[in-house]
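In: My questions are about this predicted structure, shown below with the sequence.
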Amino acid sequence: MEKHQDYIVRGSAADGQIRVFAATTGGLAERAREIHNTSPVATAALGRLLTCAAMMGSMMKGRKDLLTVQVMGDGPLGTMTVTADSMARVKGYVQNPGVMLPPNGEGKLDVGGAVGKGVLRVIKDLGLKEPYIGETELISGELAEDFTYYFAASEQVPSSVALGVLMNRNNTVAQAGGFIIQLLPDASEEVISHLEQKLTEVTAVSGLLEEGMTPEEILEYIFSGFDLRLLDKIPASYYCNCSRERVEKALISLGRAELDKMIADGEPITTNCQFCGGSYTFSVEELCRLKAEARRA
């Protein structure tokens, strides 16, 4: 099978009145499916969320900036959590990865039904004293419409978001990707109406992906006659930065009393990373060492 090359292209159109992002993310969506053993509908939901988070991460400026997106719906999937950095490195998990649902009325994976009604929360840690937190209600649970509403209501940026994940017959990921189109404050009424008309002609992004269109080709298709300028292309990837050292710090932060309880049990403890499935085991002797470090902290 051809290996996915995941990346995001960023650009502008209409003489800088519109900024655009488009991504191909089949590889990272498949990586998430492998790690979490997700059902097809969970793969589609998590893949869409990872795609959007990667593009939103690429909007951030600082190397240490971090974005966390949570979709908290009342559907059978439960909560989905994804993080992204400014280098479009993402990771995420879904509370109930094995959910199975019949297709929706259009014969497609019922992501909206799996997510349900609830809240979309975006947390941006930009190195300031307090993180930015934006929260909006879920409009459809299909995620693209939910992010379109989030950008307009929480960030006051009129946007169009499209997200898609296509599955192979063996339930692996065939294609994934999407785009975010945003109007800047000086956009003219003429440009706005032209763009609105063009977007009504665009089929679902999954159809464009199915045709094998690259992010560049998708943007060229949407912005023909719009003076599209592609500015840069950055790789996107599924990346987890967990390590034994980070888990040790987390255990130390629990405090001596909590570590005493673990030591009293007389058994090794094992912790698993929710994002990548990484497993870390600590012996009683190691827990005693961490307790001593907690005393010094």
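Out: Happy to help now that I have it. Residues are numbered from 1 along each chain as shown.
In: Residues contacting stretch 225-242, please?
Out: 6-15, 18, 20, 23, 25, 27-28, 31-32, 35, 50, 54, 58, 87-91, 194-195, 198, 216, 219-220, 273, 275-276, 278 (CB atoms under 8 Å, 6 or more residues apart in numbering). (Each C-beta comes from the backbone N, C-alpha and C, glycine too.)
In: C-alpha coordinates for that stretch, CSV please?
Out: What follows is stretch 225-242, C-alpha atoms only, in CSV (Å, rounded to 0.1, in the frame of the first residue of the first chain):
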residue,chain,number,x,y,z
GLY,A,225,-9.9,33.2,-10.3
PHE,A,226,-9.1,34.2,-6.8
ASP,A,227,-5.3,35.0,-7.1
LEU,A,228,-4.4,32.0,-4.9
ARG,A,229,-0.9,32.2,-3.4
LEU,A,230,0.5,29.1,-1.6
LEU,A,231,3.0,30.3,1.0
ASP,A,232,4.4,27.2,2.6
LYS,A,233,4.0,23.5,3.1
ILE,A,234,4.7,21.8,6.5
PRO,A,235,4.7,18.1,7.4
ALA,A,236,2.0,16.8,9.7
SER,A,237,2.4,13.7,11.9
TYR,A,238,1.0,11.7,14.8
TYR,A,239,3.5,12.3,17.6
CYS,A,240,3.4,11.5,21.3
ASN,A,241,6.1,13.0,23.6
CYS,A,242,5.4,10.7,26.5
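In: what's the spacing between it and its chain's center?
Out: Here the centre of stretch 225-242 is set off from its chain's centre by 14 Å, with CA atoms, centre = their mean, to the nearest Å.
In: what's the answer for stretch 245-258, then?
Out: With CA atoms, centre = their mean, you get 28 Å for stretch 245-258.
In: what comes into contact with it?
Out: 259, 271, 280, 282, 287, 290-291, 293-295, 297.
In: Next, give phi and psi for Met213.
Out: The phi/psi pair for Met213 (degrees, to the nearest 10) reads phi -70, psi 140.
In: Distance check, it against Ala236.
Out: Distance from Met213 to Ala236, counting by CB to CB, to the nearest Å: 17 Å.
In: And these two? Which one has more around it.
Out: Ala236 (28 against 19; other CB atoms under 10 Å).
In: Mind pulling the model confidence for the more buried one?
Out: pLDDT for Ala236: 96.
In: try Pro158
Out: For Pro158, the model assigns a pLDDT of 91.
In: Looking at the contacts of stretch 225-242, which are in strands?
Out: 7-13, 18, 20, 23, 89-91 (DSSP state E).
In: In a markdown table, list these along with neighbour count, distance to Pro76 and pLDDT.
Out: A markdown table is the format used below for these (neighbours: other CB atoms under 10 Å; distance: CB to CB, whole Å; pLDDT from 0 to 100):
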| residue | neighbour count | distance to Pro76 | pLDDT |
| --- | --- | --- | --- |
| Tyr7 | 22 | 33 | 97 |
| Ile8 | 26 | 31 | 97 |
| Val9 | 22 | 35 | 97 |
| Arg10 | 20 | 35 | 96 |
| Gly11 | 19 | 38 | 95 |
| Ser12 | 19 | 40 | 93 |
| Ala13 | 21 | 40 | 91 |
| Ile18 | 22 | 38 | 93 |
| Val20 | 26 | 34 | 95 |
| Ala23 | 27 | 27 | 97 |
| Arg89 | 18 | 29 | 96 |
| Val90 | 32 | 23 | 97 |
| Lys91 | 25 | 22 | 97 |
